[in-house]
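Participant: Curious how this folds, go ahead:
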Amino acid sequence: MGNKSELIQQYNEISAKNALNAKIAELSEALKNLNNVSTTVDYILKNHENIKNNYNLAGTAYKNETEAEQTTVKIASEKFSKYKEDIAGELNAKILFLGFEAAACRTSMNTLSILIDMAKE
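Facilitator: Residues are numbered from 1 along each chain as shown. Reported below is the predicted structural model:
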């Protein structure tokens, strides 16, 4: 056991580091907001028939262009979803890590509290 003033100093140092709950709450809110964002990219022109009927654009060239645009939109939507999943995974990992770190700080602070109560000046 250390002397009481050393134990109090250690307790205060750990206590100062233990602002982790605020960071966890901040990251949890960011994760919640991220999960509420849609990554779907809509193809507004819908399909070749829609373009043909509404814009009077027909023929193989327009059909090929429509298919290429639809593929591009699909790929972009998939990439956005992947980025979202990656970021969500990183946020979850950080939240878990900070949770373990916060628990370790609480345990250390509890132990030091007991030691402080038992310590002599």
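Participant: Can you give me every residue that contacts the residue nearest to residue 31 when sequence neighbours are not counted?
Facilitator: Taking C-beta to C-beta, 6 or more residues apart in numbering, and ignoring the residues beside it in sequence, residue 31 has residue 91 as its nearest neighbour in space, at 4.5 Å. C-beta coordinates here come from the backbone N, C-alpha and C atoms, glycine included. By C-beta atoms under 8 Å, 6 or more residues apart in numbering, the contact set of residue 91 is 27, 30, 31, 34.
Participant: need those residues in a markdown table with distance to residue 11, neighbour count and secondary structure, can you?
Facilitator: Conversion of the contacts of residue 91 to a markdown table gives the following (distance: C-beta to C-beta, whole Å; neighbours: other C-beta atoms under 10 Å; DSSP: H, G, I helix; E, B strand; the rest coil):
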| residue | distance to residue 11 | neighbour count | secondary structure |
| --- | --- | --- | --- |
| 27 | 26 | 16 | helix |
| 30 | 31 | 15 | helix |
| 31 | 31 | 18 | helix |
| 34 | 36 | 14 | helix |
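Participant: Backbone dihedrals for the residue nearest to residue 31, please?
Facilitator: Residue 91 adopts backbone torsions of phi -60, psi -40, taken as degrees, to the nearest 10.
Participant: Checking the residue lying closest to residue 18 once chain neighbours are set aside next. Helix, strand or coil?
Facilitator: If you skip the residues right next to it in sequence, residue 18 has residue 105 as its closest partner in space, 4.1 Å away by C-beta to C-beta, 6+ apart. In three-state terms, and counting by DSSP: H, G, I helix; E, B strand; the rest coil, residue 105 is helix.
Participant: List the contacts of residue 105.
Facilitator: 14, 15, 17, 18, 20.
Participant: was I right about the first one contacting residue 110?
Facilitator: No. Taking C-beta atoms under 8 Å as the definition, residue 14 is not a contact partner of residue 110, at 10.3 Å.
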